[in-house]
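Asker: I'd like to go over a predicted model; first the sequence, then the structure.
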Amino acid sequence: MPEHTSHPDASPGPDRGHPGPIVSLAEVRAALAGVRGHAESDTVVPLLRRTLPGFWATIAAEYRVRNRVVDKALGAGIRRFVVFSPDLAPLRLAHELLPAGAGWRVLYLLDDAETAVRTRIVTTCSLDPDVAWLSATPGIEQCLRSAQGIGALALDEPVCVLASTALQHTRDPHALLAGLWNVLPPGSWVMASQVPPTPDTPAGTGLPAACAVFEHHTRTPLILRTAPEFDALFHHPHTWDTTIFGRAETARAPRHGPPLSTTDSSLALITRVAVRPVRTPSHGLVPAYRSTRTS
């Protein structure tokens, strides 16, 4: 079973008894970013805005933090990037951030259900020899090994994986992280972001309303996690070295405002960069957990 992307995790959607349209995750994110005119998305997005106010702003925060991570990865000498589930326009593709002639390569992992995203990637990248794309099915480990086999990804040097919010859209984040652990060379980075519950979300009351909107109207689950819950994902079954990028602000910062890692808001974006330490047996001793903070 695939560890990530949308449809493997889907529960019965509106075509199986729930009213309302079905839209893809990429369509919802594009609509939240301001794209209008798609009748189904225009129906679903107001429901999300009501049930999880500020969720739209976490997407902008996610991209600001992603851009910082790309800059830091380039500064650390990483030239191989893997991008989970790229978005529709107007959201910017990762390879557009990278300097020409720097020897980088980008591999996009595509959700088979996101046909519009595939069209965007093929149209935009078909003439770029430094960009490749593959289906994310059937699973991350097999996908990356296949990419290595066809020369789309070199695994003999550290890789930066831009997983973005993939962990919050899967019910089996441990399988996704374990698949990455089994393939990535030491020193590789995994950037992941997470939307936490709102402070007024009642505990123990079942599926939060915003998560129910995702369940009913998309092929993608939405799993909200607190910062401690999110951090725990990187402790088991393997221990990653994590850098805390902080709770990124979801509103535009003042020009001379504080850095992302020190700004908090009622609906903030939690971001971690997990580094694959020196390879250890899957069931043996693992390095002690180390956490650092960056501003």
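Answerer: Yep, it's here. Residues are numbered from 1 along each chain as shown.

Asker: helices of this protein, residue ranges please.
Answerer: 25-32, 39-51, 55-75, 115-125, 140-149, 173-183, 209-217, 227-232 (DSSP state H).

Asker: how about these, which one is nearest Arg276?
Answerer: Counting by Cβ to Cβ, Arg276 lies closest to helix 173-183 out of the helices of the chain; the figure is 6.5 Å. Where C-beta positions appear, they are placed from N, C-alpha and C, glycine not excepted.

Asker: off-centre distance for that closest one?
Answerer: 14 Å (Cα atoms, centre = their mean, to the nearest Å).

Asker: who touches it?
Answerer: Applying Cβ atoms under 8 Å, 6 or more residues apart in numbering, the contact partners of helix 173-183 are 3-4, 139-141, 144-145, 155, 161, 163, 166-167, 170, 188, 190, 223, 233-234, 236-238, 240, 274, 276, 282.

Asker: now do stretch 145-164
Answerer: 62, 66, 69-70, 73, 76-85, 94, 105, 107, 132, 134, 144, 176, 180, 183-193, 276.

Asker: from these, keep the buried residues only.
Answerer: Among these, the ones that count as buried by 16 or more other Cβ atoms under 10 Å are 62, 66, 69-70, 73, 78-85, 94, 105, 107, 132, 134, 144, 176, 180, 183-184, 187-193, 276.

Asker: so which of the residues you listed are in strands?
Answerer: 80-84, 105, 107, 132, 134, 189-193 (DSSP state E).

Asker: quickly name whichever of the residues you listed is closest to Cys125.
Answerer: Lowest distance from Cys125 to those (Cβ to Cβ) belongs to Ala132, with 8.1 Å.

Asker: the residue nearest to the closest one when sequence neighbours are not counted: how many residues sit nearby?
Answerer: Leaving aside its chain neighbours, Ala132 sits nearest to Ala152 (3.9 Å; criterion: Cβ to Cβ, 6 or more residues apart in numbering). By the measure other Cβ atoms under 10 Å, the count of residues near Ala152 is 18.

Asker: backbone dihedrals for Ala152, please?
Answerer: phi -80, psi -20 (degrees, to the nearest 10).

Asker: where does pLDDT dip in the protein?
Answerer: Residues of the chain meeting the criterion pLDDT under 70: 1-19, 199-207, 245-267, 279-295.

Asker: from Arg36, how far off is the most centrally placed residue in it?
Answerer: Centroid check for the chain by Cα atoms, centre = their mean gives Ser164 as the closest residue, at 2.2 Å. To Arg36, Ser164 is 23 Å away according to Cβ to Cβ, to the nearest Å.

Asker: now do Ala163
Answerer: 28 Å.

Asker: so between these two, which is more surrounded?
Answerer: More crowded of Ala163 and Arg36, by other Cβ under 10 Å: Ala163, with 24 against 9.

Asker: which strand residues bridge Ala192?
Answerer: Ser164, Arg272 (DSSP bridges).

Asker: surely it touches Thr271?
Answerer: Yes. Under the criterion of Cβ atoms under 8 Å, Ala192 makes contact with Thr271 at 7.1 Å.

Asker: on that earlier part again, now restrict the contacts of helix 173-183 to buried residues only.
Answerer: In the contacts of helix 173-183, burial by neighbour count holds for 3-4, 139-141, 144, 161, 163, 166-167, 170, 188, 190, 223, 233-234, 238, 240, 274, 276, counting by 16+ other Cβ under 10 Å.
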